[in-house]
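[1] show me how the following folds:
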Amino acid sequence: MPMSELRQCVILVGGLGTRLGTLTAQTPKPVLQCGDRPFLAWLLRELQRWGFEEAVLLTGYLSETLRASVAALQHGLPRPMRIVFSEEPDRAGTGGALYHARDLLDERFLLCNGDSWLDTNLAPLLAAETGEHVVGRILLRHLDDVSRYGVVSHDGDVVTGFVERQAPGDHPVAGDINAGIYVFDRRVLDVVQPVCSLERDVMPALAAAGTLRAVVGAGYFIDIGIPADLARAQTELPARLHRRALFLDRDGVINVDHGYVGSVARFQFMDGALAAIARATQAGWHVFVVTNQSGVARGYYDEAAVQALHRWLRSQVQAASGTIDDVRYCPHHEDAVIETYRKPCAWRKPAPGMLLDLLSRWEVEPAACVMIGDQPTDMAAAAAAGVAGFRFTGGNLDDFVAPLLAGQMAELSA
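    Predicted structure coming up:
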């Protein structure tokens, strides 16, 4: 089956949260505060890093309260995001919630729990194709002690079975657990029923049919299902998810500057560019692209062409195990032949507007950033934004980036 672009995330937010006692008596678990915002706000913010444009929230318990909370948090996300709701008519289980949302689902979609998150590089999960014998993929996390969780058995990437949570023994037992993040295509709907469980019914059925694959991810895992972990999330989530950021100019850094590159046909990756972005992604950094695109003002191509090229660029980066979290481009120029674009603009480098906007929207500290460009204007924009700038004059971009990222991490941890 050809791979379609993943733009839709589906989030299970209808659970009762009984293990949290009175904390969830009036508040749905996914919108409990974690630091300065609800857990769901952190989750949606993270999903936007990977290009998701729409969220389908599978609601149940206290659905009206959850809707009101989502309306408030939506305005604080880094980018606009379409959010729609699917409410189960009665308690239907996690699989039943998916069944009742069937008319809203894309051909391929990400599904995740609304009360847990694995901070890992999602690109290997998102870029992997489904096929005739692969209906879904599940993200796993290895733990040294799985006493709170069920265990997933697998042979290589083929999921072979699920073992439900066992009574704790005298000694911790290690294993791979379900991280609560999946990619499915719509054929999963052939398995779900109006009332069923993803964990106990749907995924074991897919495993038995040989159509479920696993991707093992490493990184910080949080599940706010018990009071101790909810308390831990208050400080750990903000500290973890306020990230460092790598700013990249485009022409002359990510791609060879052939002059006004506005199409895939003229786009040639710089040596090491994909590896450099994957390196930053794997290290947990935001990757932002900031690029002057006066080719629009000069009439060589239009903004739709720029946006289409950047969508293609994101797909290529993801296939190479990286992500571009966000892009800013400036189409204006004071000598534009198209009058609409003939004006000075605070986003056009050497002005820092593009960087400042990203710093604000993604809540990044300038001191935790690196900017790489090939022109003096890039360095001037970085300096004006308070970001460390480094001029790239050619060669292998990954070789250039690696010591800068390592040096910045060492400096911040000193």
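
[2] so where's the protein shaky on pLDDT?
    1-4, 130, 166-170, 408-414 (pLDDT under 70).

[3] domains of it?
    Following automatic domain parsing, one gets these domains for the chain: 8-240, 245-413.

[4] could you dump these into CSV and include mean neighbour count?
    The way it works is simple: take the backbone N, C-alpha and C, and place the C-beta from them, glycine included. Formatted as CSV, these follow (neighbours: other CB atoms under 10 Å):
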stretch, mean neighbour count
domain 8-240, 18
domain 245-413, 18
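
[5] how about the helices in the protein?
    Per DSSP state H, the chain carries helices over the ranges 39-49, 63-73, 93-100, 123-127, 203-209, 227-241, 273-282, 294-297, 303-319, 353-361, 376-385, 397-413.

[6] could you dump the ones you listed to JSON lines with distance to Arg266?
    Output for those, formatted as JSON lines (distance: least, CB to CB, whole Å):
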{"stretch": "helix 39-49", "distance to Arg266": "28"}
{"stretch": "helix 63-73", "distance to Arg266": "41"}
{"stretch": "helix 93-100", "distance to Arg266": "43"}
{"stretch": "helix 123-127", "distance to Arg266": "24"}
{"stretch": "helix 203-209", "distance to Arg266": "43"}
{"stretch": "helix 227-241", "distance to Arg266": "37"}
{"stretch": "helix 273-282", "distance to Arg266": "15"}
{"stretch": "helix 294-297", "distance to Arg266": "11"}
{"stretch": "helix 303-319", "distance to Arg266": "9"}
{"stretch": "helix 353-361", "distance to Arg266": "22"}
{"stretch": "helix 376-385", "distance to Arg266": "21"}
{"stretch": "helix 397-413", "distance to Arg266": "19"}
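
[7] nearest to Asp251, of those?
    The closest approach between Asp251 and any of those, judged by CB to CB, belongs to helix 294-297 at 9.5 Å.

[8] export the closest one as PDB, just CAs?
    Extracted C-alpha coordinates of helix 294-297, given in PDB (Å, rounded to 0.1, in the frame of the first residue of the first chain):
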ATOM      1  CA  SER A 294      12.600  36.700  -2.800                       C
ATOM      2  CA  GLY A 295      12.100  34.500  -5.800                       C
ATOM      3  CA  VAL A 296       8.400  35.000  -5.000                       C
ATOM      4  CA  ALA A 297       8.700  38.800  -5.100                       C
END
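
[9] just the residues contacting it, thanks.
    With CB atoms under 8 Å, 6 or more residues apart in numbering as the test, helix 294-297 has contacts from 260-262, 301-303, 306, 330-333, 335-338, 341-342, 348.

[10] and those residues, which of them are in strands?
    Cys330 (DSSP state E).

[11] Gly217 is in contact with Thr120, isn't it?
    Yes - contact criterion CB atoms under 8 Å: Gly217 and Thr120 qualify, at 3.5 Å.
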